[in-house]
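>>> Next input, structure requested:
(one chain, ligands or ions: 1)
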Amino acid sequence: MTERLYYCDSYLRQFEATVMQVQPNPQGCEVLLDATAFYPESGGQPYDLGTIATAQVQEVVERGDDIVHRLDRPIAAGRLPCEIDWTRRFDHMQQHTGQHLLSQAFVRVAKRNTVGFHMGADYVTIDLDAEGLSPQQLNEAERLANAIVYENRPIDMRIVPQLEVPALGLRKESQREGPLRVVTIEDFDVSACGGTHVRRTGEIGSIVIRKVERVNRQARIEFVCGWRSLVSGQSDRQLLTQVARQFSVGLSEVPARVEKQVQEARQLRKALQAKSKALAGFLAKELFVQAPVLQGSRIVKQIFQDEELEFLKSLAHGLLSQGDCVALLGSTGAQAALLFAQSDRLAGDLRLILPECCLLIEGKGGGTRTTVQAGGKNSAQVQQALELAEQKVTGGFSENPS
Ligand SMILES: [Zn+2]
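All right, here's what the predicted structure looks like:
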């Protein structure tokens, strides 16, 4: 059984310990010490890193009552100096203690209990036992948690005999048997917890909610504390400044400016579509009269650059509305597009000529006997696809069945 030094002192960063067991492995070795300040992964809090003698600690895990240190190289037995990566550990202490505060704040503001906790490398999440929180509730809970931070209340840790536990008023009942390690934030929160915490709430720093989402009928609150809240604020400022610079406005004007831009883009698109349709109508008249006639039917073959399929459809519609016609239309650009259409009165099945054309443009498509369309990635072959289609049409099925 390893003595857990962090239970009594979360601020212990350097210590000496005696090696009880060394198990070599391909990465280095696994070590048991008589006592350790290294926190093992548990209860939602990640493990500590640091050094034992000259070896780097890569992972710390619980195995029953023992704590196993996984090292990057073998070490000799004896009494060894150990040191915890304090930047990482203090960050975990800020996040973890902040979680106690925020969880209690949600109990007080919204009567929501915390049922899950996870500390990631960039942010922390708690899951609350019901979905849906109003923006006011979020703001209020965030405000209350930060108010307790600014009051710099003491945080006390003690081991409580099982008999005394019911009288404590724990935020969440513990399933553990025997004495409990209890963490108390003065006049605010009492929790059973084996993690590492700061001594006073002021050390937590700002507690900032970043996101809320619904997960499995629960509300997942993403938040950051301490140094992480500074980093997230700096990152937000940089991103927002980039956008504001694009629009040449102040930060506070960005939302209105983006909204205006979106509206304008929508209107422009609408106007462009109307003009495009009108243009297709004019073009259809011109192409129809210029097109060669084969057995009473016009054959229109035309290639465009960077036109959308909608434009090709409007054009085909305009062509067919003027008389018997086969329209073989294509567009080159980032994508290859084909649209073939023919008057209902004409015999033949456009679907039969599509597969070979699709092979040329390296794409796929489909449709009906009288209208087919296809998209592909080889724009350079659109012209050839149209020529192939023309050969097939003139060679066979454009005859009037009557
Ligand atoms: Zn805790």
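
>>> Where does pLDDT dip in the chain?
By pLDDT under 70, the low-scoring segments of the chain are 397-402.

>>> longest strand anywhere in it?
Taking residue count as the measure and DSSP state E as the definition, the longest strand of the chain comes out as strand 14-25.

>>> Could you give me the buried positions within that one?
Buried residues in strand 14-25, counted by 16 or more other C-beta atoms under 10 Å: 15, 17, 19. In short, each C-beta sits where N, CA and C put it, glycine included.

>>> Return the set of buried residues in stretch 179-191.
Using 16+ other C-beta under 10 Å as the burial criterion, the residues of stretch 179-191 that qualify are 180, 181, 182, 183, 184, 185, 188, 189, 190, 191.

>>> So which of these sit within strands?
Among the buried residues of stretch 179-191, DSSP E puts 180, 181, 182, 183, 184, 185, 189, 190, 191 in strands.

>>> Around the residue of the stretch 251-400 of the chain found nearest the ion, count how many other residues there are.
In the stretch 251-400 of the chain, the residue found nearest to the ion is residue 251; the distance is 36.5 Å by C-beta to the ion. Other residues within reach of residue 251 by the criterion other C-beta atoms under 10 Å amount to 12.

>>> Over to residue 160?
For residue 160, the count of nearby residues is 17 (other C-beta under 10 Å).

>>> Do I have it right that it meets residue 168?
Yes. Here residue 160 reaches residue 168: they are 6.6 Å apart, a contact under C-beta atoms under 8 Å.

>>> which neighbours do the two share?
Common contact partners of residue 160 and residue 168 (C-beta atoms under 8 Å, 6 or more residues apart in numbering): residue 182.

>>> Pull the residues that contact the longest strand of the chain.
5, 29-37, 52, 70, 74-84.

>>> what about dumping the CA coordinates of whatever helix or strand comes next after that strand to PDB?
Next helix or strand after strand 14-25 toward the C-terminus (DSSP states H and E): strand 28-33. Output for strand 28-33, consisting of C-alpha atoms alone and laid out as PDB, is shown next (Å, rounded to 0.1, in the frame of the first residue of the first chain):
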ATOM      1  CA  GLY A  28      11.500   1.800 -19.100                       C
ATOM      2  CA  CYS A  29      10.000   0.400 -15.900                       C
ATOM      3  CA  GLU A  30       7.100   0.500 -13.400                       C
ATOM      4  CA  VAL A  31       7.900   1.600  -9.900                       C
ATOM      5  CA  LEU A  32       6.200   1.300  -6.500                       C
ATOM      6  CA  LEU A  33       7.300   3.800  -3.800                       C
END
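
>>> which parts of strand 28-33 are buried?
The neighbour-count criterion (16+ other C-beta under 10 Å) identifies 28, 29, 30, 31, 32, 33 as the buried residues of strand 28-33.

>>> ok, so of those, who is nearest residue 255?
Proximity of these to residue 255, judged by C-beta to C-beta, is greatest for residue 28, which lies at 52.4 Å.

>>> the helices in the stretch 301-402 of the chain, which residues?
Read by DSSP state H, counting those that start in this stretch, the stretch 301-402 of the chain holds these helices, from start to end of the chain: 309-320, 354-361, 382-392.

>>> and the ones you listed as a markdown table, adding mean neighbour count and distance to residue 141?
What follows is the helices of the stretch 301-402 of the chain, written out as a markdown table (neighbours: other C-beta atoms under 10 Å; distance: least, C-beta to C-beta, whole Å):
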| stretch | mean neighbour count | distance to residue 141 |
| --- | --- | --- |
| helix 309-320 | 21 | 49 |
| helix 354-361 | 20 | 57 |
| helix 382-392 | 19 | 59 |
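
>>> Regarding residue 173, what is its secondary structure?
Using DSSP: H, G, I helix; E, B strand; the rest coil, the three-state assignment for residue 173 comes out as coil.

>>> Quick check: phi and psi on residue 90?
phi -60, psi -40 (degrees, to the nearest 10).

>>> wait, I meant residue 251
Here is the backbone geometry of residue 251 (degrees, to the nearest 10): phi -60, psi -40.

>>> swap in residue 78?
The main-chain torsion angles of residue 78 are listed as degrees, to the nearest 10 and equal phi 120, psi -160.

>>> which ones are touching it?
18, 19.

>>> Strands along the stretch 51-200 of the chain, start to end?
When secondary structure is read from DSSP state E, counting those that start in this stretch, the stretch 51-200 of the chain shows strands at 55-63, 66-71, 79-84, 114-119, 124-128, 155-160, 180-185, 189-192.

>>> Export those as CSV, with columns for distance to the ion.
Shown next, in CSV, are these (distance: least, C-beta to the ion, whole Å):
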stretch, distance to the ion
strand 55-63, 16
strand 66-71, 18
strand 79-84, 17
strand 114-119, 9
strand 124-128, 12
strand 155-160, 9
strand 180-185, 5
strand 189-192, 6
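
>>> And those: which comes nearest residue 272?
For the strands of the stretch 51-200 of the chain, proximity to residue 272 was assessed by C-beta to C-beta; strand 124-128 is nearest, at 43.9 Å.

>>> Can you tell me which residue of the protein sits closest to the ion?
For the chain, C-beta to the ion, closest residue to the ion: residue 193, 3.2 Å.

>>> Excluding chain neighbours, what is closest to that residue?
Setting aside the residues directly before and after it, residue 193 is nearest to residue 183 in space (C-beta to C-beta, 6 or more residues apart in numbering), at 4.8 Å.

>>> Now do that neighbour against residue 43, distance only.
Shown here: residue 183 relative to residue 43, a distance of 12 Å by C-beta to C-beta, to the nearest Å.

>>> and what of residue 368?
Residue 368 sits at a distance of 63 Å from residue 43 (criterion: C-beta to C-beta).

>>> need the residues of the chain near the ion, please.
By C-beta under 5 Å from the ion, the residues of the chain that approach the ion are 193, 195.
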